[in-house]
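Novice: okay, structure incoming, though there's no sequence with it:
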């Protein structure tokens, strides 16, 4: 994308397990100083199991963010259905970001976690 388009703004949209793959790819890109990483402006996750991966496979996420503040943080919004058995709000991801310094890279406050219901649930 960076080679083809001058000054692109990259927005990543991922669903379910793809959200984990996308986050790990972004982490690697930022840590490696990949030229495209500075062009990433947004991350949208839908039905994400990232919090479960943080608990089940902590070594995957045992990486600190690069030092220093980014000029422009990646704005992250997460969407989850209250009836989804896998994807929930990502409060664990926010705690991980604070511990590892990734809150210097991602703008992901609790207000960016959007739960919704497609169907009424009894009780």
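Specialist: Happy to help now that I have it. Just so it is clear, the model here is predicted, and its values are computed rather than measured.
Novice: check which residues of stretch 81-93 are buried.
Specialist: 81, 84, 87-90, 93 (16 or more other CB atoms under 10 Å). The way it works is simple: take the backbone N, C-alpha and C, and place the C-beta from them, glycine included.
Novice: out of those, which comes closest to residue 74?
Specialist: Within those, proximity to residue 74 (CB to CB) peaks at residue 93, which comes in at 12.9 Å.
Novice: can you give me phi and psi for residue 41?
Specialist: phi -110, psi -30 (degrees, to the nearest 10).
Novice: which residue is the nearest non-sequential neighbour of it?
Specialist: Nearest residue to residue 41, sequence neighbours excluded (CB to CB, 6 or more residues apart in numbering): residue 9, at 4.6 Å.
Novice: again, but for residue 45
Specialist: In space, residue 45 is closest to residue 19, 4.1 Å off (CB to CB, 6+ apart).
Novice: neighbours around that neighbour, how many?
Specialist: With neighbours defined by other CB atoms under 10 Å, the count for residue 19 comes to 25.
Novice: distance between the helix or strand it falls within and the chain's centre?
Specialist: Following DSSP states H and E, one finds residue 19 within helix 17-32. In this view, helix 17-32 has its centroid 8 Å away from the chain centroid, taken as CA atoms, centre = their mean, to the nearest Å.
Novice: list the contacts of that helix.
Specialist: Residues from elsewhere that reach helix 17-32 (CB atoms under 8 Å, 6 or more residues apart in numbering): 12, 14, 34, 36-37, 40, 43, 45-50, 53, 60-61, 63, 65-66, 74, 102, 105.
Novice: hmm, try it at 7 Å
Specialist: Under the contact criterion CB atoms under 7 Å, 6 or more residues apart in numbering, helix 17-32 has outside partners 12, 14, 36-37, 40, 43, 45, 48-50, 53, 60, 63, 65-66, 105.
Novice: tell me the one of those nearest residue 114?
Specialist: residue 45 (10.2 Å).
Novice: the closest one: how many residues sit nearby?
Specialist: Applying other CB under 10 Å, we find 28 residues neighbouring residue 45.
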